[in-house]
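1. whatever this is, show me its structure:
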Amino acid sequence: MSSVFKTGAFVQQCFFSHPLCLGLKKLARPDQLVLACTACNMRHGLTLRNLTTLASEEARASREPRSERGLGAFLVACAANHPLALRVRSMDVLSDSVGLRCIECRRVFDLDVAAFETHQE
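-> Sure, this is the predicted structure:
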């Protein structure tokens, strides 16, 4: 049986210890995404409060329109079309923020996280 931790400390530790091993596993529920760490075999659930995106050619950030799933339409498209290109670029659990970057379409996502949850296998 797996253990569940309701804190951002584990995902923060994964990001700082082995950032290249932490990537998007799936989009879940209308407002949640799951990150997986291949180094420590943990899954990190992030429940989103807000999502902001910035494309490389845009001059300023804008709030992204929500899709029918509740996640941003650009994030849903990136996850569907090129999930391996979507990587974690920043992490600050004290301010409840996580940054993602899509290498393929050069889009940056800033996530305002309402809750963190870690599942240990």
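
2. mind listing what Leu20 touches?
-> Taking CB atoms under 8 Å, 6 or more residues apart in numbering, we find Leu20 in contact with Arg87. All C-beta atoms are positioned from the backbone trio N, CA, C, and that covers glycine.

3. where in this structure is pLDDT low?
-> Applying pLDDT under 70 to the chain flags the ranges 1, 56-70.

4. and with 50 instead?
-> Applying pLDDT under 50 to the chain flags the ranges 59-61, 65-69.

5. all helices of it, in order?
-> Ranges of helices in the chain, per DSSP state H, are 9-17, 73-81.

6. figure out which of those is closest to Val113.
-> Ranking those by proximity to Val113 (CB to CB) places helix 9-17 first, at 9.3 Å.

7. dump the helices of the chain into a markdown table; add distance to Asn41 and mean neighbour count as well.
-> Listed next are the helices of the chain as a markdown table, based on distance: least, CB to CB, whole Å; neighbours: other CB atoms under 10 Å:
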| stretch | distance to Asn41 | mean neighbour count |
| --- | --- | --- |
| helix 9-17 | 10 | 17 |
| helix 73-81 | 21 | 17 |
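
8. and Thr52, how many neighbours?
-> Residues near Thr52, counting by other CB atoms under 10 Å, number 16.

9. could the helices of the chain go into a markdown table alongside distance to Gly45?
-> Formatted as a markdown table, the helices of the chain follow (distance: least, CB to CB, whole Å):
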| stretch | distance to Gly45 |
| --- | --- |
| helix 9-17 | 9 |
| helix 73-81 | 15 |
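
10. out of those helices, which is closest to Thr52?
-> helix 73-81 (10.6 Å).

11. dump that closest one to PDB, keeping only the CA atoms.
-> Taking Å, rounded to 0.1, in the frame of the first residue of the first chain, the C-alpha atoms of helix 73-81 are listed here in PDB:
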ATOM      1  CA  ALA A  73      -6.300  25.000 -23.100                       C
ATOM      2  CA  PHE A  74      -2.700  25.500 -24.000                       C
ATOM      3  CA  LEU A  75      -1.500  23.200 -21.200                       C
ATOM      4  CA  VAL A  76      -4.000  20.500 -22.200                       C
ATOM      5  CA  ALA A  77      -2.800  20.800 -25.800                       C
ATOM      6  CA  CYS A  78       0.900  20.600 -24.800                       C
ATOM      7  CA  ALA A  79       0.200  17.500 -22.600                       C
ATOM      8  CA  ALA A  80      -1.700  15.800 -25.400                       C
ATOM      9  CA  ASN A  81       0.600  16.600 -28.300                       C
END
